[in-house]
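Asks: next one to model:
(2 chains)
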There are 2 protein chains.
Amino acid sequence: MKKKTSLKDIAQEAGVSTALVSYVLTNKEEKARVGQEMAKKIRKIAQKLNYQPNHIARSLKSGRSDTIGLIVADISNPFFGNIARTIEDEAKRNNYTVIFGSSDENLDKSSDLINVLLNRQVDGLILIPTEGSEQQIKQLRKQQVPFVLIDRYFPQLPVSQIGINNFQASYNAISHLVKTGHQRIGMIAYKTALYHINERKRGYTEALADNGQNSMMKLARYSHIREETRQAIDQLLRGRKPADAVFFATNSLAIEGLKYINELGIKVPEELAVVSFDESEAFDLFYSPITFIRQPIQEMGNAAVRVLLEHIRNGEKTPENICINSELVIRQSSRRR
Amino acid sequence: MKKKTSLKDIAQEAGVSTALVSYVLTNKEEKARVGQEMAKKIRKIAQKLNYQPNHIARSLKSGRSDTIGLIVADISNPFFGNIARTIEDEAKRNNYTVIFGSSDENLDKSSDLINVLLNRQVDGLILIPTEGSEQQIKQLRKQQVPFVLIDRYFPQLPVSQIGINNFQASYNAISHLVKTGHQRIGMIAYKTALYHINERKRGYTEALADNGQNSMMKLARYSHIREETRQAIDQLLRGRKPADAVFFATNSLAIEGLKYINELGIKVPEELAVVSFDESEAFDLFYSPITFIRQPIQEMGNAAVRVLLEHIRNGEKTPENICINSELVIRQSSRRR
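Replies: You can find the predicted model right below:
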């Protein structure tokens, strides 16, 4: 890279001291000390030489970098891409830059990323935490790093968290399937310790119990999503009393499941009703548009940035827990039988 | 944030000099100068106190940050999310961290992001450049910043670029539609000066001319994609000789178009064959799976990281232009008439 323009270069060209150049370029408004003409001249030279203030040197001095670190599970999943985009927009409105990375649901990568981001002196972190990362979260708290969890959370930890009421959202979706005449409702979810997914399972189970129906819960591993979603559907559809509806716990599970349902030639909703968590363009374009639980991504992202900036500016006094309502968008895939 | 552990803190606890602590913690292998026991003790204390080396101070000294900046058009578009993920993975294999941002197809945001990333001392940039950003690219070249363009490119600029042969990919797709018996083939593309999109248009026009067919090209603006894609389809389908096939220049155009085709109740491929650039889960789940041009995202991302790291390590001698072949994935939506 070409040598950067320094304050000295500008001072030489303007025929003034480096201190005066520094004073002019760091103070936006003119003060009596410097003549307007001279300030204008210095700014013009700085522009001509393409002077870029050194933010790293400045951040060493001020202890602030005006940067937020964001760790998502996987940036290639549109749900996380949309959250990232919302956070980026809201941060920009507050003059913060966002640095992203994907943990890929891997504890080591998550720990690496946290260290890399802290080493780049981010002012705070927004995390969609990986399964089992409680220790990493506790460590952040010990180090007094400002941070906020979003989407996924650890209810037992006294930290700021933004999410939706996963239990209630599932409960409502299943109640809707019961009301529309479905009697054997299956669910496909991840085998996981993640609290938000287990809340979705609990909503399903309780709604069925409250309506006198039995649970037909099938689990797949994130790392084997393709094969195990297929196995789960095979299990739901076999026997003399196959499922007449299926509820998917995430968009990725639903996409895999719908691909297989198409391959089997099963008609939605005539033979099998479908409801899913999260949105997807594929749900809109499916021949029988999929009923889904819309997460308030915009509100979640904005709240995460707002709470984080409060923690950065004023220090964290008490953790904030924000629970935003989701919405069941009813479409053809769960039509009345 | 809690005060960070310094070398001095460790030195005090170990009862040795700060210089010795610094020596032990920056040299991975033991040298004769320090006893093994003492080195071990210092490392243990550093771990106990959760010492984090200050990369920013280090990068000021070395002039290297081991960070790559990446600017994509829009991180919420899965095509860019997938490219970002690939670049992140390949960078990680080379011990580099990636910092992302979205330009949102906006020249000012793109310029801001370039400045923000350079101010954070990234070692180089990978850019999916915005329409009209030639001046920004030229400026980067003048500043001798190592960088690579990916996906979109400016053929007239002597800079490193990674892309596919957009002309040939379109030409092949249209030849396939002609061979499968389609006689009035429309195209919907962006109204843009972006070279790669215009190459896609040229491939369409030339393939039609070579087969004695007339062009039915319709354009939509990125900023008005919904309304103008609908208008384009209305125009293609009206009159006594409506289109019997439509070719979409990008996944976003195809998703909008397919939503409207569904609303109109038009049957694919019986009434209208469909082919699109790019992949999408929605194409797989559509009742008549969509024939598409698969871009080699993995190879593109890997090549971008490889070329950029060469430029960072050895300086850019001659710009590299890498053109990777794409693949036409033929499915039901373009079945023989």
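
Asks: gap between residue A:231 and residue A:221?
Replies: To residue A:221, residue A:231 is 11 Å away according to C-beta to C-beta, to the nearest Å. C-beta here means a position set from N, CA and C on the backbone, and glycine is covered the same way.

Asks: looking at those two, which is more packed in?
Replies: Neighbour totals were compared for residue A:231 and residue A:221, and residue A:231 leads with 16 against 12 (other C-beta atoms under 10 Å in any protein chain shown).

Asks: shaky segments in chain A?
Replies: Applying pLDDT under 70 to chain A flags the ranges A:1-4, A:27-33, A:52-63.

Asks: which residues in the stretch 201-337 of chain A form helices?
Replies: A:225-237, A:251-264, A:281-285, A:297-314 (DSSP state H, counting those that start in this stretch).

Asks: ranges for the strands of chain A?
Replies: In chain A, the strands defined using DSSP state E lie at A:67-72, A:97-102, A:124-127, A:147-150, A:161-164, A:185-190, A:216-220, A:245-248, A:273-277, A:291-294, A:321-324, A:327-329.

Asks: for the first one, output the C-alpha coordinates as CSV.
Replies: What it means is strand A:67-72. C-alpha atoms of strand A:67-72 as CSV (Å, rounded to 0.1, in the frame of the first residue of the first chain):
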residue,chain,number,x,y,z
THR,A,67,-17.7,-0.6,16.0
ILE,A,68,-20.1,-3.4,17.1
GLY,A,69,-19.2,-7.1,16.6
LEU,A,70,-22.0,-9.4,15.5
ILE,A,71,-21.8,-13.2,15.6
VAL,A,72,-24.5,-15.1,13.8
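
Asks: show me what that strand is packed up against.
Replies: helix A:78-93, strand A:97-102, helix A:107-119, strand A:124-127 (3 or more C-beta pairs under 8 Å, 6 or more residues apart in numbering or on different chains; DSSP states H and E).

Asks: so which elements touch the third one?
Replies: Going back to what we said before, that points to helix A:107-119. The contact analysis (3+ C-beta pairs under 8 Å, 6+ apart) places helix A:107-119 against strand A:67-72, strand A:97-102, strand A:124-127, helix A:134-142.

Asks: pull the shortest one out as PDB, backbone CA atoms only.
Replies: As requested, C-alpha coordinates have been extracted for strand A:124-127 and formatted as PDB (Å, rounded to 0.1, in the frame of the first residue of the first chain):
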ATOM      1  CA  GLY A 124     -19.700  -4.300  22.300                       C
ATOM      2  CA  LEU A 125     -21.100  -7.500  20.900                       C
ATOM      3  CA  ILE A 126     -24.500  -8.800  19.600                       C
ATOM      4  CA  LEU A 127     -24.600 -12.600  19.700                       C
END
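
Asks: now that strand, how far from the centre of its chain.
Replies: Centre-to-centre, strand A:124-127 and its host chain are 10 Å apart (C-alpha atoms, centre = their mean, to the nearest Å).

Asks: just send the helices and strands packed on helix A:107-119 back as JSON lines, with distance to residue B:255 too.
Replies: Shown next, in JSON lines, are the helices and strands packed on helix A:107-119 (distance: least, C-beta to C-beta, whole Å):
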{"stretch": "strand A:67-72", "distance to residue B:255": "22"}
{"stretch": "strand A:97-102", "distance to residue B:255": "24"}
{"stretch": "strand A:124-127", "distance to residue B:255": "28"}
{"stretch": "helix A:134-142", "distance to residue B:255": "37"}
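
Asks: could these be laid out in CSV, adding mean neighbour count?
Replies: What follows is these, written out as CSV (neighbours: other C-beta atoms under 10 Å in any protein chain shown):
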stretch, mean neighbour count
strand A:67-72, 26
strand A:97-102, 24
strand A:124-127, 26
helix A:134-142, 15
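
Asks: tell me which residues touch the residue sitting nearest the centre point of chain A, please.
Replies: Centroid-nearest residue in chain A, with C-alpha atoms, centre = their mean: residue A:83, separated by 4.4 Å. Residues in contact with residue A:83 (C-beta atoms under 8 Å, 6 or more residues apart in numbering or on different chains) are A:72, A:128, A:150, A:151, A:297, A:300, A:301.

Asks: now do 7 Å
Replies: Contact analysis of residue A:83 by C-beta atoms under 7 Å, 6 or more residues apart in numbering or on different chains lists A:72, A:150, A:151, A:297, A:300, A:301.

Asks: tell me how many other residues surround the second one.
Replies: For residue A:150, the tally of surrounding residues (other C-beta under 10 Å) stands at 26.

Asks: before we move on, what about the fifth one?
Replies: Applying other C-beta under 10 Å, we find 21 other residues in the vicinity of residue A:300.

Asks: which non-adjacent residue is nearest it?
Replies: Nearest residue to residue A:300, sequence neighbours excluded (C-beta to C-beta, 6 or more residues apart in numbering or on different chains): residue A:162, at 5.3 Å.

Asks: neighbours of the closest residue in space to residue A:292 that isn't next to it in sequence, just the number please.
Replies: Nearest non-adjacent residue to residue A:292, counting by C-beta to C-beta, 6+ apart: residue A:276, 4.9 Å away. Residues within reach of residue A:276, counting by other C-beta under 10 Å, total 27.

Asks: residue A:276 reaches residue A:245, doesn't it?
Replies: No. Using C-beta atoms under 7 Å, residue A:276 is not in contact with residue A:245, being 11.5 Å away.

Asks: gap between residue A:276 and chain B?
Replies: Distance of residue A:276 to chain B, given as C-beta to the nearest C-beta, to the nearest Å: 12 Å.

Asks: apologies, that question was intended for residue A:306.
Replies: According to C-beta to the nearest C-beta, residue A:306 stands 19 Å off from chain B.

Asks: run a quick neighbour tally on that residue.
Replies: 16.

Asks: and the residue lying closest to it once chain neighbours are set aside, what does it touch?
Replies: Using C-beta to C-beta, 6+ apart and skipping residues adjacent in sequence, the residue nearest residue A:306 is residue A:90, 7.7 Å away. Neighbouring residues of residue A:90 by C-beta under 7 Å, 6+ apart: A:301, A:302, A:305.

Asks: out of these, who's nearest chain B?
Replies: Using C-beta to the nearest C-beta, residue A:301 comes nearest to chain B of the contacts of residue A:90, at 11.0 Å.

Asks: dump the residue contacts of the closest residue in space to the closest one that isn't next to it in sequence.
Replies: Excluding the flanking residues, the one nearest residue A:301 by C-beta to C-beta, 6+ apart is residue A:86, at 3.1 Å. Shown in contact with residue A:86 (C-beta under 7 Å, 6+ apart): A:297, A:298, A:301, A:302.

Asks: list buried residues within these.
Replies: Among the contacts of residue A:86, those classed as buried by 16 or more other C-beta atoms under 10 Å in any protein chain shown are A:297, A:301, A:302.

Asks: ok, the first one - contacts?
Replies: What it means is residue A:297. Residue A:297 sits next to A:82, A:83, A:86 when contact means C-beta under 7 Å, 6+ apart.

Asks: which positions in the stretch 101-250 of chain A make contact with chain B?
Replies: Contact residues, the stretch 101-250 of chain A versus chain B (C-beta under 7 Å from any C-beta of the partner chain): A:101, A:102, A:115, A:116, A:118, A:119, A:120, A:121, A:143, A:144, A:145, A:146.

Asks: now, which of those residues sits nearest residue B:272?
Replies: Closest approach to residue B:272 among these (C-beta to C-beta): residue A:102, at 38.1 Å.

Asks: re the thing from before, just the buried members of the residues of the stretch 101-250 of chain A next to chain B?
Replies: Applying 16+ other C-beta under 10 Å to these, the neighbour count classes A:101, A:102, A:116, A:118, A:119, A:120, A:121, A:143, A:145, A:146 as buried.

Asks: among those, which pair sits farthest apart?
Replies: Farthest apart among those by C-beta to C-beta are A:102 and A:143. That separation is 22.6 Å.

Asks: what count of nearby residues applies to the closest residue to residue A:106 other than its chain neighbours?
Replies: Closest residue to residue A:106 apart from its sequence neighbours, by C-beta to C-beta, 6+ apart: residue A:130 at 6.7 Å. Using other C-beta under 10 Å, residue A:130 has 21 neighbouring residues.
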